[in-house]
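Chemist: give me a 3D structure for the following:
(2 chains)
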Amino acid sequence: MTKILTPIDEFDVVTRDGLWMTAADAERVTGWTLKPEGMCRAEACVAMPASAVKGTEVDVEAFWTKLGGPVIASEARDVWALGAPADERNAALEGLQAPDFTLPDIDGTPRSLSQLRGQKVFVATWASW
Amino acid sequence: MWQALYDELKDKNFMVVAVAEESRGADHARPWIEQAKSSYWQLVDTEHRLEDLYNLVNVPQAIWIDEQGRIVRPPETAGSTDHFRRMDLKTRTMSPEDQAERLAAREAYLDAVRAWVNTGKHALPADAARAGLPKVTPQIAEARVRFRLGVWLRAHGSTVEGDRQMNEAINLHPESWSLWRQAADLDEVGKASGPDFWKRVQALGERPYYPPPKL
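Modeler: Below you'll find the predicted structure:
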């Protein structure tokens, strides 16, 4: 099993030769679906080079790189992290719709920004350090 | 930290969400959170997800979000000032004048939040809010993912490799105080405000550590 970290989640996935995995796992991890046109999410499709698709398997490292997102592996290549593409972050922020997030409170209860729709919200960071 | 403000404004359709950027985890943040006795949300962000989503670089930073979920003020320093840079490092005290100025700046910031909640003042029009957003560069995006991997590796026993990823993240995004200070704290509690921190602060020269909000 390979551990894959995404900006908001983590997955255990069967992979080979890096991040080759079934299209079903690729969809679970990335949210993008393999179609004849390429990897698709909602209306958008990213054409995939023939070298990055074999039957029902996808090279997620190649896909994520093509999407413009950083891909970093641990030395043992057993833990991989997929980062959000810079363009995607900028587009989301410039749209000014506050990106939703879900984080636990001190008792572990998950709380989402979207639960507060209809109120003015002051989000402030702090740290012990 | 925000309890008085929240108590004053909570009946006006207002919420405070305090997010601890704390890779040591919830238990490490717990004493501060319990001491704060807050009735607003206190969330724990071990992976610094909020900093990734909103392109944050320091604490405290705040984002103002209106009833429709729109950002009406981009990330800015939330009430802190640079007066600490002039403190006497031996006694860890500030001059009375600096203390007074610091308090006044904090009060002015809280007044701005009050005015926003009461009258809508200080909410920026879309183009101004957009203009205040710092750009995410490919280097910052890579710094975030290396930091994420570093936190994970450290939490799973690979301290040396985790530190290596974090150091690469810091080199890729040197403007982020949060990345540097969190990594220093994971190395050793207290290091984030130790001699290396002060050296980095001094290296800023005329540049601000806490850029003042443009209210």
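
Chemist: quick one: contacts for B:Ala155?
Modeler: Taking CB atoms under 8 Å, 6 or more residues apart in numbering or on different chains as the criterion, B:Ala155 is in contact with B:Ser23, B:Gly162. (Each C-beta comes from the backbone N, C-alpha and C, glycine too.)

Chemist: that one and A:Val79, how far apart?
Modeler: Using CB to CB, to the nearest Å, one obtains 11 Å as the distance from B:Ala155 to A:Val79.

Chemist: let's verify B:Ile71: helix, strand, or coil?
Modeler: State at B:Ile71, reduced to three classes by DSSP: H, G, I helix; E, B strand; the rest coil: strand.

Chemist: ok, it to chain A distance?
Modeler: Here the distance between B:Ile71 and chain A works out to 5 Å (CB to the nearest CB, to the nearest Å).

Chemist: would you agree that residue is in contact with A:Leu96?
Modeler: Yes - under the criterion of CB atoms under 8 Å, B:Ile71 is in contact with A:Leu96, at a separation of 4.8 Å.

Chemist: for those two, indicate the residue with more neighbours.
Modeler: In this view B:Ile71 and A:Leu96 are compared by other CB atoms under 10 Å in any protein chain shown, and B:Ile71 has more residues nearby, 26 against 20.

Chemist: who's the more buried one bridged to?
Modeler: B:Ile65 (DSSP bridges).

Chemist: which ones are touching B:Asp19?
Modeler: Asp isn't right for residue B:19; it's Val. For B:Val19, the set of contacting residues under the criterion of CB under 8 Å, 6+ apart consists of A:Leu103, A:Val123, A:Ala124, A:Thr125, A:Trp126, B:Leu43, B:Val44, B:Asp45, B:Leu50.

Chemist: how far away from the center of its chain is the one helix or strand in chain B whose mean pLDDT sits lowest?
Modeler: Within chain B, no helix or strand scores below helix B:26-36, which has a mean of 92 by mean pLDDT, DSSP states H and E. A distance of 17 Å separates the centroid of the chain from that of helix B:26-36, by CA atoms, centre = their mean, to the nearest Å.

Chemist: could you say what helices and strands whatever helix or strand comes next after it packs with?
Modeler: Read in the C-terminal direction, the helix or strand following helix B:26-36 is strand B:41-45, with elements assigned using DSSP states H and E. Using 3 or more CB pairs under 8 Å, 6 or more residues apart in numbering or on different chains; DSSP states H and E as the contact test, the elements touching strand B:41-45 are strand A:102-104, strand B:14-21, helix B:26-36.

Chemist: point out the most buried one among those.
Modeler: Of all the helices and strands packed on strand B:41-45, strand B:14-21 carries the top mean neighbour count, a mean of 24, counting by mean count of other CB atoms under 10 Å in any protein chain shown.

Chemist: could you check the angle that one makes with strand B:41-45?
Modeler: Orientation of strand B:14-21 against strand B:41-45 (axes from the mean of the first three to the mean of the last three CA atoms, to 10 degrees) gives an angle of 30 degrees.

Chemist: partner strands of strand B:14-21, with direction?
Modeler: Pairing partners of strand B:14-21, with direction, according to DSSP bridges: strand A:120-126 (parallel), strand B:41-45 (parallel).

Chemist: related to what we said a few turns ago, now do the shared contacts for B:Ile71 and A:Leu96.
Modeler: Both B:Ile71 and A:Leu96 are contacted by B:Ala129, under the criterion CB under 8 Å, 6+ apart.

Chemist: and the gap between B:Leu149 and A:Asp12?
Modeler: Using CB to CB, which is the criterion applied here, B:Leu149 is 16 Å from A:Asp12.

Chemist: more neighbours, the two?
Modeler: The residue with the greater number of neighbours, taking B:Leu149 and A:Asp12 and applying other CB under 10 Å, is B:Leu149; the counts read 28 against 10.

Chemist: can you name the next helix or strand after the helix or strand where that one lies?
Modeler: Taking DSSP H and E as the definition, B:Leu149 sits inside helix B:138-155. Helices and strands here follow DSSP H and E; after helix B:138-155, the next one along the chain is helix B:159-172.

Chemist: single out the residue in chain A that lies closest to chain B.
Modeler: Closest to chain B within chain A is A:Gly83: 3.0 Å, counting by CB to the nearest CB.

Chemist: for that residue, which non-adjacent residue is spatially closest?
Modeler: Closest residue in space to A:Gly83, ignoring its immediate chain neighbours: B:Val145 at 3.0 Å, by CB to CB, 6 or more residues apart in numbering or on different chains.

Chemist: surely that neighbour touches A:Ile72?
Modeler: Yes - using CB under 8 Å, B:Val145 is in contact with A:Ile72, at 5.3 Å.

Chemist: nothing else from me, thank you.
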